[in-house]
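S.K.: Structural data only, the sequence is not supplied:
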Ligand SMILES: Nc1ncnc2c1ncn2[C@@H]1O[C@H](COP(=O)(O)OP(=O)(O)OP(=O)(O)O)[C@@H](O)[C@H]1O
Ligand SMILES: [Mg+2]
């Protein structure tokens, strides 16, 4: 879908921002460009919609050389989202998004109706549409930026560090939102970040760039963690890569064990081991320590808080984390609705990893 072929960019002042770079971005995937500041990510991305032309080499979108297309025409098929969203400050949120359909010749009413749908799509309440951008949080502004980029329903979306100005919690929410949207919309997304964790979470393929616009490695995140191509990628991918790689390891083969459970409000059995407390819908509420004496009905304030919950059939990292974070050492496994399924130990996870190795 997007192809860079021996692309080079030297600015007038002599800076080589991109050095002879070739790669193919596949249709319908999220591809991430990641690398330290100044390594040429933005330059590379802007070549796709002709905000920047390469000094040499070719960029193709859908098989045709972008130099042969009219920039305005080209950009209609390419949404663009930047850091700080880049919204028009003097237009309401709704009108910011409606700008695009208007540009495409829709009536004002149609444009607003479409804008309203898009705000909903990115998870913003309708009433926020009446506000001005400055009256929104950073995370909300980014969502408006995404809605506006989607307004023309472009097959290609360029996102240049769109989430880097928001705090980590909001950022995670926006990342999840993008993954959800992508599952629904199936765009070809080119995403730039300098955060390797973001790259690994979002990218189906990740291109690691280093200073001077060199492509250090282009691979699926799992392969990047398993086999970094050189010292630069190894240090960029960072610590904990063995642990982080568990995010890509399937959990089939893990058989949850069982543990004694009790419903909050019931009288727990006297036990010399940990007892898991569940609510009326069998969702875990916490643990009762070994030998804890409960007189009468069990209440929540008698419980020790549980660790993270592991949703069955999701990658192994979650299972290990659940086991390590549980006070009992027993990671609680739940189904898609959050209902108790069983427990898993760290040893079970390690044994599974070992058995896969052999
Ligand atoms: N218009 C320009 N004229 C001259 N040099 C430029 C110009 N734009 C960018 N550069 C230089 O080209 C190199 C690559 O810049 P680019 O903006 O592509 O990097 P980046 O990877 O996006 O960095 P960041 O993560 O900081 O956004 C840098 O050394 C930058 O200083
Ligand atoms: Mg940049």
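M.R.: Alright, I've got the coordinates. What you are looking at is a predicted structure, and each value in this text was computed from that prediction instead of being measured. Ligands and ions are numbered 1, 2, ... in the order given.
S.K.: Only C-alpha atoms from now on, for both contacts and neighbour counts.
M.R.: Will do.
S.K.: list the contacts for residue 202?
M.R.: By Cα atoms under 8 Å, 6 or more residues apart in numbering, the residues touching residue 202 are 30, 31, 32, 175, 179.
S.K.: For residue 315, give me phi and psi.
M.R.: The phi/psi pair for residue 315 (degrees, to the nearest 10) reads phi -60, psi 160.
S.K.: That one touches residue 248, doesn't it?
M.R.: Yes - contact criterion Cα atoms under 8 Å: residue 315 and residue 248 qualify, at 5.9 Å.
S.K.: between the two, which one's more packed in?
M.R.: Comparing residue 315 with residue 248 by other Cα atoms under 10 Å, the one with more neighbours is residue 315, at 18 against 15.
S.K.: In helices, which of the contacts of residue 202 appear?
M.R.: Assignment to helices by DSSP state H places the following of the contacts of residue 202 there: 175, 179.
S.K.: Can you tell me the closest non-neighbouring residue to residue 46?
M.R.: Nearest non-adjacent residue to residue 46, counting by Cα to Cα, 6 or more residues apart in numbering: residue 52, 5.5 Å away.
S.K.: I'd like to know how far that neighbour sits from ligand 1.
M.R.: According to Cα to the nearest ligand atom, to the nearest Å, residue 52 stands 9 Å off from ligand 1.
S.K.: How about the secondary structure of residue 276?
M.R.: For residue 276, the assignment made with DSSP: H, G, I helix; E, B strand; the rest coil gives strand.
S.K.: Hmm, I typed the wrong one, I wanted residue 342.
M.R.: Following three-state DSSP, we place residue 342 in the strand state.
S.K.: Let me see the contact set for it.
M.R.: Neighbouring residues of residue 342 by Cα under 8 Å, 6+ apart: 256, 257, 258, 259, 332, 333, 334.
S.K.: before we move on, back to that, in a strand, that's where the residue nearest to residue 46 is, yeah?
M.R.: No - applying three-state DSSP, one finds residue 52 to be coil, outside a strand.
S.K.: I'd assumed residue 40 was in contact with it.
M.R.: No - the pair residue 52 / residue 40 is not scored as a contact, 11.8 Å apart, by Cα under 8 Å.
S.K.: Helices of the stretch 101-250 of the chain, start to end?
M.R.: 108-121, 138-150, 168-185, 196-202, 221-226, 231-237, 241-244 (DSSP state H, counting those that start in this stretch).
S.K.: which residues are in contact with the first one?
M.R.: This points to helix 108-121. Residues outside helix 108-121 that contact it (Cα under 8 Å, 6+ apart) are 94-95, 97-102, 125-126, 129, 143-144, 147-148, 150-151, 181.
S.K.: try the longest one
M.R.: By Cα under 8 Å, 6+ apart, the list of residues contacting helix 168-185 from outside reads 121, 122, 139, 143, 163, 164, 198, 202.
S.K.: From the chain's centroid, how far away is stretch 77-97?
M.R.: Its chain's C-alpha centre and that of stretch 77-97 lie 21 Å apart, by Cα atoms, centre = their mean, to the nearest Å.
S.K.: If you could redo that for stretch 232-248, that was the one I meant.
M.R.: Per Cα atoms, centre = their mean, the displacement of stretch 232-248 from the mean C-alpha position of its chain is 16 Å.
S.K.: Report the buried residues of that stretch.
M.R.: Neighbour counts over stretch 232-248 (16 or more other Cα atoms under 10 Å) mark 233, 234, 236, 237, 244, 245, 246, 247 as buried.
S.K.: quick one, what contacts the third one?
M.R.: In this case it means residue 236. 35, 196.
S.K.: ok, 10 Å please
M.R.: Neighbour list for residue 236: 34, 35, 36, 194, 195, 196, 208, 209, 210, 228, 230 [criterion: Cα atoms under 10 Å, 6 or more residues apart in numbering].
S.K.: got the domain boundaries for the chain?
M.R.: Here the domain parsing of the chain from automatic domain parsing is 2-247, 261-357.
S.K.: Please tabulate those in a markdown table, including the columns mean pLDDT.
M.R.: Shown next, in a markdown table, are these (pLDDT from 0 to 100):
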| stretch | mean pLDDT |
| --- | --- |
| domain 2-247 | 89 |
| domain 261-357 | 92 |
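S.K.: Pop out the phi and psi values for residue 17.
M.R.: Per-residue torsions, residue 17: phi -90, psi -30 (degrees, to the nearest 10).
S.K.: Quick check: it touching residue 37?
M.R.: No - Residue 17 sits out of contact with residue 37 when judged by Cα atoms under 10 Å, with a separation of 11.2 Å.
S.K.: Look at those two and report which has more neighbours.
M.R.: Neighbour count, other Cα under 10 Å: between residue 17 and residue 37, residue 17 has more, with 20 against 13.
S.K.: Residue of the stretch 51-200 of the chain nearest ligand 1, please.
M.R.: In the stretch 51-200 of the chain, no residue comes nearer to ligand 1 than residue 194, which is 5.9 Å away by Cα to the nearest ligand atom.
S.K.: And that residue, how far from residue 160?
M.R.: Distance, residue 194 to residue 160, by Cα to Cα, to the nearest Å: 10 Å.
S.K.: okay, and the common contacts of those two?
M.R.: Listed as contacting both residue 194 and residue 160 by Cα under 10 Å, 6+ apart are 32, 33, 41.
S.K.: For the stretch 1-150 of the chain, which segments count as strands?
M.R.: Taking DSSP state E, counting those that start in this stretch, the strands of the stretch 1-150 of the chain run over residues 2-10, 16-25, 30-34, 56-61, 64-65, 78-82.
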